[in-house]
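Visitor: I'd like to go over a predicted model; first the sequence, then the structure.
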Amino acid sequence: MTITFLGAGSMAEALISGVTQTLYEPKQMIVTNRSRMERLTYMQQTYGVRIETNKEQAVKEADIVILAMKPKDVAESLTPIAHAFHEQQLIISLLAGVTTDTIASLIGKQMPVIRAMPNTSAAIGQSATALAQGAYATDKHVHMAKELFETVGIVTIVDEKHLHAVTGLSGSGPAYVYYLVEAMEKAADEIGLERDIAKELILQTIIGAAHMLKATNKHPSVLRKEVTSPGGTTEAGIGVLERYRYQEAMIACIKRATERSKELGEALLSSVQ
Ligand SMILES: NC(=O)C1=CN([C@@H]2O[C@H](COP(=O)(O)OP(=O)(O)OC[C@H]3O[C@@H](n4cnc5c(N)ncnc54)[C@H](OP(=O)(O)O)[C@@H]3O)[C@@H](O)[C@H]2O)C=CC1
Ligand SMILES: O=C(O)[C@@H]1CCC=N1
């Protein structure tokens, strides 16, 4: 089994880092990108993967081709090498917003395409990934993709129409948590805590809360109430979050990211028509 990555950015790296620690040998991976040779060298030195600057050759050798370029670059990437693909290969696309039909039509063949939306926590085997089956992909292809992504976290299968929502929620999701941590670190600074101590406390608070959600299966509002003593500190703090409409902001954030996923797909369609 040979897996070729077209694109060697942060998502490709997260996936390679996870997959090569589990299911596949680094030598089974071929990594190529647009032009940044130093990035390919880094990938080779860090993960032991094969690198290739001839994209046509990289595709010809593959059983699975993983599309890991930005949505705006996919047409420019696939069109010149479309002839190198054949229908026995499986394409797994990581691209936000881009449909499996668009990918098959860019290649001009009835290619089996699975659309995947992982997140960067794949790097440590903790991705939340959703998969959707394209028109020419069989259950066997879904199984292959599921097996691959299960090496880097949990996998759920959804209808392709839901992938925009998944992208806004869990594809982008880690960034929302990091943004919260950034704010907590700034606050810790302002209230006079030493940076290293604050960092450790914040990290364990996030880990502990995530584990509580999983282990107890209690609704988050119930867990929140358990922290909130009447007239206490949490109530005072949450009162400020409510005044800033924190939950509304979060809901609007996820809706906007979902909408952006749709826009990315539509922008590509109008540029290739
Ligand atoms: N980052 C994330 O958290 C997630 C990203 N995704 C999706 O993954 C994809 C990649 O995102 P990300 O890794 O963040 O992006 P990056 O910008 O980090 O990486 C993009 C990569 O694509 C390469 N590339 C550009 N043009 C071509 C081309 N014509 N042929 C081959 N490779 C090309 C770039 O090469 P070079 O450096 O040489 O220009 C670079 O290696 C996106 O489509 C995104 O929607 C999905 C889930 C989560
Ligand atoms: O920001 C993006 O467009 C990509 C898709 C999901 C996470 N990162």
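Guide: Cool, the structure landed. Ligands and ions are numbered 1, 2, ... in the order given.
Visitor: Just the CA trace of the helix or strand containing residue 238, in PDB.
Guide: Per DSSP states H and E: residue 238 is located in helix 233-243. Provided in PDB are the C-alpha atoms of helix 233-243 (Å, rounded to 0.1, in the frame of the first residue of the first chain):
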ATOM      1  CA  THR A 233     -16.600  33.300  42.200                       C
ATOM      2  CA  THR A 234     -17.800  31.200  39.200                       C
ATOM      3  CA  GLU A 235     -21.200  32.900  39.200                       C
ATOM      4  CA  ALA A 236     -19.500  36.300  39.200                       C
ATOM      5  CA  GLY A 237     -17.200  35.300  36.400                       C
ATOM      6  CA  ILE A 238     -19.900  33.600  34.200                       C
ATOM      7  CA  GLY A 239     -22.100  36.700  34.800                       C
ATOM      8  CA  VAL A 240     -19.400  38.700  32.900                       C
ATOM      9  CA  LEU A 241     -19.300  36.100  30.100                       C
ATOM     10  CA  GLU A 242     -23.100  36.400  29.800                       C
ATOM     11  CA  ARG A 243     -22.900  40.200  29.500                       C
END
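Visitor: avg pLDDT for that helix?
Guide: Averaged across helix 233-243, the pLDDT comes to 98.
Visitor: and if you look at stretch 11-26?
Guide: Rounded mean pLDDT across stretch 11-26 is 91.
Visitor: i'd like the first residue to be 54 from this point on
Guide: Shifting the count to begin at 54 puts that one at stretch 64-79.
Visitor: Buried by neighbour count: which residues of that stretch qualify?
Guide: Within stretch 64-79, the residues scored as buried using 16 or more other Cβ atoms under 10 Å are 64-73, 76-77, 79. Where you see a C-beta, it was placed from the backbone N, CA and C, and this is true even at glycine.
Visitor: One more: stretch 211-229?
Guide: So stretch 211-229, judged by 16+ other Cβ under 10 Å, has buried residues 213, 216-227.
Visitor: can you tell me how far the residue of the chain most remote from its centre sits from residue 244?
Guide: The centre of the chain is farthest from one residue, residue 284, which by Cα atoms, centre = their mean lies 40.8 Å away. Distance of residue 284 to residue 244, computed by Cβ to Cβ, to the nearest Å: 21 Å.
Visitor: Near ligand 1, which residues of the stretch 54-203 of the chain are found?
Guide: Proximity of the stretch 54-203 of the chain to ligand 1, by Cβ under 6 Å from any ligand atom, involves residues 59-65, 85-89, 92, 108, 121-124, 126, 129-130, 147-149, 170-173.
Visitor: which among the residues you listed end up buried?
Guide: For those, a neighbour count by 16+ other Cβ under 10 Å gives the buried set as 59-62, 64-65, 85-86, 92, 108, 121-122, 124, 130, 147-149, 170-173.
Visitor: Which residues of the stretch 204-326 of the chain lie near ligand 2?
Guide: 220, 224-225.
Visitor: now the stretch 54-203 of the chain
Guide: Counting by Cβ under 6 Å from any ligand atom, the residues of the stretch 54-203 of the chain that sit close to ligand 2 are residue 149.
Visitor: Got the phi and psi for whatever residue of the stretch 54-203 of the chain ends up closest to ligand 2?
Guide: Per Cβ to the nearest ligand atom, residue 149 is where the stretch 54-203 of the chain lies closest to ligand 2, at 3.8 Å. With angles defined as degrees, to the nearest 10, residue 149 sits at phi -60, psi 130.
Visitor: Would you check that it makes contact with residue 125?
Guide: No: Residue 149 is beyond contact range of residue 125, at 10.5 Å (criterion: Cβ atoms under 8 Å).
Visitor: Which neighbours do those two have in common?
Guide: Counting by Cβ atoms under 8 Å, 6 or more residues apart in numbering, the common neighbours of residue 149 and residue 125 are residue 317.
Visitor: just to revisit the earlier point, include secondary structure when you put the residues of the stretch 204-326 of the chain next to ligand 2 into JSON lines, please.
Guide: Below are those laid out as JSON lines (DSSP: H, G, I helix; E, B strand; the rest coil):
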{"residue": "220", "secondary structure": "helix"}
{"residue": "224", "secondary structure": "helix"}
{"residue": "225", "secondary structure": "coil"}
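Visitor: just these now: which is nearest residue 201?
Guide: Within those, the smallest distance to residue 201 is 16.9 Å, found for residue 224 (Cβ to Cβ).
Visitor: OK, contacts around that closest one?
Guide: Taking Cβ under 8 Å, 6+ apart, one finds 149, 170-172, 314 in contact with residue 224.
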